[in-house]
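Asks: fold the stuff below for me.
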Amino acid sequence: MGKQDAIQILSKSTNGTLELDQQALKSVLETSWDKPTAVISICGEKRKGKSFMINLLIHHLTENLEKKLLGKLFNQTLEPTFEWRGGQTRNTEGIWITSSPITLETKQGPVNLYVMDTQGMFDNKTSKQEADQIFTLATLMSSVLVFNLFRQIQSNDIEHLTYWTRIANWVGNEQSSSSLQNLVLLIRDFPHQSLGYGVEGGKKYISLLERDLSESSGSEEVSNNVKDLQKLYPNVGAFAMPAPGSKIMRGSAAVKPIKIKDIDKKFRHNACKLFKELTTDLSPLLLNQSPMTGSSLYDYVLKCSERILTKEMPHSKDLSEHVADQWLNDYIAGAVNDYRDKMHKVLEHFYDEFSDLQKVHEKEKTSRIHQFEKISKFGKSDALAEARVLIEEQLDKQFEKMSYHVRELSEARQREETYKKEITNLRQRVPPNSEDVALFNVRV
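Replies: The predicted structure is shown next:
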């Protein structure tokens, strides 16, 4: 396969707002119009080697790079698909994607793969809303999202990632039943050599991070954010990556081909491992539990971009609150449905007293309140407190509706018992052998 080209699908318009190039996107996806389609994308802070890494992935897939990286063809160069250069000036702007797919054979059959590069975050030229829009759109388009981190995972990295992921999840489900799939935390220039590199190094680092967080102040929020990511993504992993070598790190202001021999040996070996991790058992994007084709992905991106890339899109603070409200509403509805299903099963074979059913209700309600208190939650403390009260109220209302006939039957039984006791008392008050006994029994 020849050298891949990149096409920009998201850029700034003349009025300064981000704009999706629908024609460019369609021209890219037309090759995969009726074929299962997947996208691997990379996001993260500016000037931390995102484009360099994604270029290596493309060459790995298209030019048998593994042989080159493992020591052969040392004098060969890597022609970049996505523009790359060293220095501190931002290079990638908006979102770029490979112009044609790379067909991979998977367990599910052939999948057409596209690779996507995104504008670096957290610079003085990118507004908060632009970062929200870029990351949200990239997340929605990705079968595998690689979040590029430098040396370590910091609390603000996880905070931003969780926030953006929740927005993407909300926007996607607003259009249809979409699902996020795979998240890889790529830790670049990993300094903890004693932990090793690759997947195992990433696992050990995450374990140490969780331990450190449990012992530090303010760790609960970070821990909750990590749990949120694990719930939003079916697969979350970390990969520890060594530095690429001094020649690559120094880079150049000019765009020059990179020679294989300039890349550090450890980096070459681990790059091969990473690329296998990203592409082995790769699944196409899913929409309503069905694989997306190029056509359905195109329609889906257009619908989502209408919600994301508009002046009507709330600012980050408002959107965060909206997403939090949506999450709380969804959680409450889920808790009520779960309670209702459980109580229906109980009532199918319930013949005891109403007081016994009340005990079951209190037990089920307490269980769901405890569950709400334990899980990681998204929203302000006052909203969470209100949600807790609302869960109790909703469950009590459900109990009132569902237990009506049980309460009526129980009250009827109580009236019958009271009536029997009154009859017994009256009989005891009538003297034995009294002429009135027969008359009393007839009246009763």
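Asks: biggest strand in this structure by residues?
Replies: strand 109-118 (DSSP state E).
Asks: quick one, domains of the protein?
Replies: 6-313, 318-402, 406-443 (automatic domain parsing).
Asks: pull out the buried positions in the longest strand of the chain.
Replies: Neighbour-count burial for strand 109-118, with 16 or more other Cβ atoms under 10 Å as criterion, is recorded at 111-118. C-beta here means a position set from N, CA and C on the backbone, and glycine is covered the same way.
Asks: just the endpoints, please. Distance across stretch 83-96?
Replies: Using Cα to Cα, to the nearest Å, the gap from the first to the last residue of stretch 83-96 comes to 10 Å.
Asks: then stretch 171-183?
Replies: End-to-end distance of stretch 171-183 (Cα to Cα): 18 Å.
Asks: same for the one helix or strand Leu278 maps to, what does it pack against?
Replies: In this assignment (DSSP states H and E), Leu278 forms part of helix 265-279. For helix 265-279, the contact count by 3 or more Cβ pairs under 8 Å, 6 or more residues apart in numbering; DSSP states H and E identifies helix 50-62, helix 65-69, strand 182-188, helix 198-215, strand 235-240 as packing neighbours.
Asks: switch those over to JSON lines; also include mean pLDDT, distance to Gln22 and mean neighbour count.
Replies: Listed next are the helices and strands packed on helix 265-279 as JSON lines, based on pLDDT from 0 to 100; distance: least, Cβ to Cβ, whole Å; neighbours: other Cβ atoms under 10 Å:
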{"stretch": "helix 50-62", "mean pLDDT": "83", "distance to Gln22": "23", "mean neighbour count": "23"}
{"stretch": "helix 65-69", "mean pLDDT": "52", "distance to Gln22": "33", "mean neighbour count": "19"}
{"stretch": "strand 182-188", "mean pLDDT": "92", "distance to Gln22": "27", "mean neighbour count": "23"}
{"stretch": "helix 198-215", "mean pLDDT": "82", "distance to Gln22": "38", "mean neighbour count": "15"}
{"stretch": "strand 235-240", "mean pLDDT": "91", "distance to Gln22": "31", "mean neighbour count": "20"}
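Asks: the stretch 51-200 of the chain: helices as residue ranges?
Replies: The residue ranges that make up the helices of the stretch 51-200 of the chain, judged by DSSP state H, counting those that start in this stretch, are 65-69, 128-140, 155-175, 198-215.
Asks: er, the stretch 201-350 of the chain actually
Replies: When secondary structure is read from DSSP H, counting those that start in this stretch, the stretch 201-350 of the chain shows helices at 219-232, 246-250, 265-279, 294-308, 316-348.
Asks: out of those helices, which gets nearest to Gly172?
Replies: Using Cβ to Cβ as the measure, helix 294-308 is the one of the helices of the stretch 201-350 of the chain that comes nearest Gly172, at 6.6 Å.
Asks: okay, that closest one in PDB with CA atoms only?
Replies: As requested, C-alpha coordinates have been extracted for helix 294-308 and formatted as PDB (Å, rounded to 0.1, in the frame of the first residue of the first chain):
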ATOM      1  CA  GLY A 294     -19.100   4.500   6.200                       C
ATOM      2  CA  SER A 295     -22.600   5.600   5.300                       C
ATOM      3  CA  SER A 296     -24.000   5.300   8.800                       C
ATOM      4  CA  LEU A 297     -20.900   6.900  10.300                       C
ATOM      5  CA  TYR A 298     -21.300   9.900   7.900                       C
ATOM      6  CA  ASP A 299     -24.900  10.400   8.900                       C
ATOM      7  CA  TYR A 300     -24.100  10.000  12.600                       C
ATOM      8  CA  VAL A 301     -21.300  12.500  12.500                       C
ATOM      9  CA  LEU A 302     -23.500  15.000  10.700                       C
ATOM     10  CA  LYS A 303     -26.300  14.700  13.300                       C
ATOM     11  CA  CYS A 304     -23.900  14.900  16.300                       C
ATOM     12  CA  SER A 305     -22.000  17.900  14.800                       C
ATOM     13  CA  GLU A 306     -25.300  19.800  14.500                       C
ATOM     14  CA  ARG A 307     -25.600  19.600  18.300                       C
ATOM     15  CA  ILE A 308     -21.900  20.200  19.000                       C
END
